[in-house]
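*Asks:* Predicted model and sequence below, questions to follow.
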Amino acid sequence: MSDGAPAILVRDLRKSYDGHEAVRGLDFEVAHGEVFGLLGPNGAGKTTTVEILEGFRERTSGIVSVLGFDPGERPRELRERIGIVLQSCGIYRHIRVAEAVRHFAGLYPAPRDPDEVIAIVGLDAKRDALARTLSGGQLRRLDLALALVGDPELVFLDEPTTGFDPAARRSAWETIRRLQELGKTVLLTTHYLDEAQALCDRVAIVKDGRILAEGPPAELGSTAARYRVTWSDEHGEPQSREVDDPTALLHQLTSAALARGKPLSDLSVTRPTLEDVYLDLTAQAGDAAEQGENAAEQAEEVR
Ligand SMILES: Nc1ncnc2c1ncn2[C@@H]1O[C@H](COP(=O)(O)OP(=O)(O)OP(=O)(O)O)[C@@H](O)[C@H]1O
Ligand SMILES: [Mg+2]
């Protein structure tokens, strides 16, 4: 499949809703076989971007290429090659789980076995249940089944595990890893930073329609990635220090403890997690002009 061109290419993508610019010049690429995550606060423009790539929303401007197609033209071949979990779904509430999966399988040229997909998402016990009787997390599993049954080469997952219990989330992670092992490309959005860290080869952190940072989760913000060393001093008071290299500090602390003949309690050495970097970046990027605009909008709503 891979001719060197990326699976997804986005250049200076913009989208305005009635004068409100929700996406303000996004640039990114997703390689074939890559799991790419879009992270960002509510309203950052993630769903807007994903749905433009899926062909469900029109863009205002910019270049978008998905598997070599312009999704804005809604080409049939592209529809057959992608699988989608929308952020909110609800078109199939009145049919049964197995019927829904079989129906979707019929829309694709080379689908997977519907029963196998039902088993993968853990809905065996609910296969004859009406979709509308499923719990929130079970419905989300059905969404995932419908995205996978066509055996697509590119899968869009907009908050695929929201509402999942911890075990279901882990099993969804396994499913996504299996997709990756099969060489599929995945674009996902999530508010769970552990999920992004566990699954994504690269992530982009988006706020107010712009990318603030992009890269492998472990490398993001690595310039700011100092070590934090915490311990309790000889009086039992908690202490904390941030350092670039903890070697000397640890030597000093352990030597002092040995000299006192007392254990060094509550010692920990940590690096910032993706969550720390995310919170730091998204807090810093509070654009004053934008905040003014939001305040004006809110005042408008109150009136
Ligand atoms: N159909 C629409 N009409 C008008 N404004 C919209 C529409 N869809 C989204 N918006 C606005 O565009 C901005 C981005 O919304 P979007 O749904 O893309 O955010 P998101 O990053 O997916 O957020 P969340 O994490 O809450 O899902 C928001 O300010 C939202 O209010
Ligand atoms: Mg969204």
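*Replies:* All right, it came through fine. Ligands and ions are numbered 1, 2, ... in the order given.

*Asks:* which parts of stretch 213-221 are buried?
*Replies:* Buried positions in stretch 213-221, judged by neighbour count with 16 or more other Cβ atoms under 10 Å: 213-214, 217, 220-221. In short, each C-beta sits where N, CA and C put it, glycine included.

*Asks:* Check stretch 67-83 too.
*Replies:* 67, 69, 71, 75, 78-79, 81-83.

*Asks:* tell me how far that stretch is from the chain's mean position?
*Replies:* Taking Cα atoms, centre = their mean, to the nearest Å, one finds the center of stretch 67-83 at 22 Å from the center of the full chain.

*Asks:* For it, C-alpha coordinates in CSV please.
*Replies:* What follows is stretch 67-83, C-alpha atoms only, in CSV (Å, rounded to 0.1, in the frame of the first residue of the first chain):
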residue,chain,number,x,y,z
LEU,A,67,-5.2,7.3,1.6
GLY,A,68,-4.6,9.6,-1.4
PHE,A,69,-8.2,10.8,-1.6
ASP,A,70,-9.8,14.1,-0.8
PRO,A,71,-12.5,13.1,1.7
GLY,A,72,-14.4,16.2,0.9
GLU,A,73,-15.4,14.6,-2.4
ARG,A,74,-16.7,11.6,-0.4
PRO,A,75,-15.2,8.9,-2.7
ARG,A,76,-16.8,5.5,-2.4
GLU,A,77,-13.5,3.7,-2.5
LEU,A,78,-12.3,5.7,0.5
ARG,A,79,-15.5,4.8,2.5
GLU,A,80,-14.7,1.1,1.9
ARG,A,81,-11.2,1.4,3.2
ILE,A,82,-11.8,3.3,6.4
GLY,A,83,-13.6,2.4,9.7
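
*Asks:* circling back: among the buried residues of stretch 67-83, which one lies nearest to ligand 1?
*Replies:* Nearest to ligand 1 among those: residue 71, at 15.8 Å, using Cβ to the nearest ligand atom.

*Asks:* then stretch 122-134 to PDB, C-alphas only?
*Replies:* This file holds the C-alpha atoms of stretch 122-134, laid out as PDB (Å, rounded to 0.1, in the frame of the first residue of the first chain):
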ATOM      1  CA  GLY A 122     -16.700  -8.700  24.300                       C
ATOM      2  CA  LEU A 123     -20.400  -8.500  23.300                       C
ATOM      3  CA  ASP A 124     -21.100 -12.300  22.900                       C
ATOM      4  CA  ALA A 125     -23.600 -12.300  25.700                       C
ATOM      5  CA  LYS A 126     -25.400  -9.400  24.100                       C
ATOM      6  CA  ARG A 127     -25.500 -10.400  20.500                       C
ATOM      7  CA  ASP A 128     -29.300 -10.700  20.500                       C
ATOM      8  CA  ALA A 129     -30.000  -7.600  22.600                       C
ATOM      9  CA  LEU A 130     -31.500  -4.500  21.000                       C
ATOM     10  CA  ALA A 131     -28.900  -1.800  20.800                       C
ATOM     11  CA  ARG A 132     -31.100   0.600  22.700                       C
ATOM     12  CA  THR A 133     -31.000  -1.700  25.700                       C
ATOM     13  CA  LEU A 134     -27.200  -1.700  26.000                       C
END
